[in-house]
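Asker: Here's my sequence, what's the structure:
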Amino acid sequence: MVFKLFRLSVNNLVHQKRRSWLTIIGIFIGIASVVALVSLGQGLENSLVAEFEKLGADKVFVESSELSEDDIAVIDQVRGVETVTGLYQTTEPVSFDGQTGYITIVGIPTEEKDLAMTTLSLSITAGRNVRGPDRTSIAISETLASSTFDSTIYENDQLEIAEERYRVVGTYEATGDPSYDTSILMPRDRVQEVFGENDDVLSRLTLVIDEGINRTDFIADVEQQLREDRGQEEGEENFDVYTPQDILDSFQNVIGLVQAIVLGIASISLLVGGIGIMNTMYTAVTERTREIGIMKAIGATDRQIQTVFLFESGILGLIGGIVGVGVGLGLSFSAAVAADTFTTVPVGAAVSLPLVGGAILFSFLTGAVSGVLPARKAANLEPVDALRQE
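Answerer: Numbers count the residues shown, from 1 in each chain. Here you go, the predicted structure:
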């Protein structure tokens, strides 16, 4: 009997194809928006997690506007420190082949360049690294060489930085911090000389900690050691100590907040779609009053009449959900491809069973719930009154 009622509902919708599809539009637009946004959000989050995992669990960073070589000596006294690398980095306009872009320039200590490269998860892939005597030589990332400017940068090409020309002596691959994917390496003393206020200033320390050391305790020890050296009380620090996980947590919080706001806006489409289904079903009840009377006259129960209309509204929601999931995933994958093509932001599109199944189930429930009141109205019609309806 249930199957017969279901088939009757499908036949009714088929006979009203134009109205059915117009009703479905409201649902599938809302579902497509939600699926696309959630898929892109999950994909971006997965990409960020993968990128930050490359940094390694053994890295800790210290940043301050007042870092110097003295801070390296202070941190070296903390138990659990394996290595400390001091960098001076800045973002400056760089010109090549008639184009100019703002590029991160990283000054590495050339006397410890191998240790610095290992600490930063960088490796030379062609040519050589910068050396202490280099005054106008640089090494650039593979990504910068191939995709930052319209023209590919090759070894021995020259880039203009701070009104001077620097020759590319090598390229490197960055497998850790994504900020080094499009950057330039120079000797640290040269960067300090050209861009720094004095030769002792540093902008960032990268620490590698020994295996088995608790990171939370280690960070607390580093903060305490720096506070004592600077004569500062807790809460008055002019430095920041953090890990890759701290950065990732901040990104995830921002992504979650943006997703919640945008999903709230997209859900308005679902509400409109639900109201559209309700309106369609009320119209169907009015137009089929005589049909309902005939069904009751030949023995159909109130429950069966109600089931027919609930099936119809649920099917509308279900079809809208299936179409919306397909369109939403198509939009998310298209956006991910466009982002990979035109930007360096690690964007992906994630597809999961909970996302697809949840979206389809939610759209079905939206349709079914929207049809409850019209279905009750149809079931409560008196057969005699219904049969008199023209």
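Asker: Within the helices and strands, which one has the residue nearest the centre of the chain?
Answerer: Centroid check for the chain by C-alpha atoms, centre = their mean gives L44 as the closest residue, at 2.6 Å. Under the criterion of DSSP states H and E, L44 resides in helix 17-53.
Asker: repeat for S123
Answerer: Secondary structure (DSSP H and E) places S123 in strand 122-127.
Asker: Give me the packing partners of that strand, helices and strands only.
Answerer: Counting contacts by 3 or more C-beta pairs under 8 Å, 6 or more residues apart in numbering; DSSP states H and E, strand 122-127 is packed against strand 164-174. Yep, even glycine has a C-beta here, placed from its N, CA and C like the rest.
Asker: what angle do the strand it packs on and strand 122-127 make?
Answerer: For strand 164-174 against strand 122-127, the angle between stretch directions is 120 degrees (axes from the mean of the first three to the mean of the last three C-alpha atoms, to 10 degrees).
Asker: in strand 164-174, what's buried?
Answerer: Neighbour counts using 16 or more other C-beta atoms under 10 Å place Y166, V168, V169, G170, T171, Y172, A174 of strand 164-174 among the buried residues.
Asker: Can you lay out these as CSV showing pLDDT?
Answerer: Output for the buried residues of strand 164-174, formatted as CSV (pLDDT from 0 to 100):
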residue, pLDDT
Y166, 93
V168, 94
V169, 93
G170, 93
T171, 93
Y172, 92
A174, 84
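Asker: Go through those and say which is closest to D134.
Answerer: Here the nearest of the buried residues of strand 164-174 to D134, counting by C-beta to C-beta, is V169; it sits at 7.4 Å.
Asker: Leaving out chain neighbours, which residue sits closest to the closest one?
Answerer: Spatial nearest neighbour of V169, chain neighbours left out: S137 (4.6 Å); criterion: C-beta to C-beta, 6 or more residues apart in numbering.
Asker: V78: how many residues sit nearby?
Answerer: Neighbour count for V78, taken as other C-beta atoms under 10 Å: 20.
Asker: how close does the closest residue in space to it that isn't next to it in sequence sit to G127?
Answerer: For V78, ignoring the flanking residues on the chain, the nearest one in space by C-beta to C-beta, 6+ apart is D221 at 4.9 Å. With distances taken as C-beta to C-beta, to the nearest Å, D221 is found 40 Å from G127.
Asker: Those two - which one has more neighbours?
Answerer: Remark: of D221 and G127, D221 carries more neighbours, 19 against 16, as counted by other C-beta under 10 Å.
Asker: give the contact list for that one.
Answerer: V78, R79, G80 (C-beta atoms under 8 Å, 6 or more residues apart in numbering).
Asker: For the residues you listed, give me CSV that also has secondary structure, distance to L22 and pLDDT.
Answerer: Converted to CSV, these look like this (DSSP: H, G, I helix; E, B strand; the rest coil; distance: C-beta to C-beta, whole Å; pLDDT from 0 to 100):
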residue, secondary structure, distance to L22, pLDDT
V78, coil, 68, 85
R79, coil, 70, 87
G80, coil, 66, 84
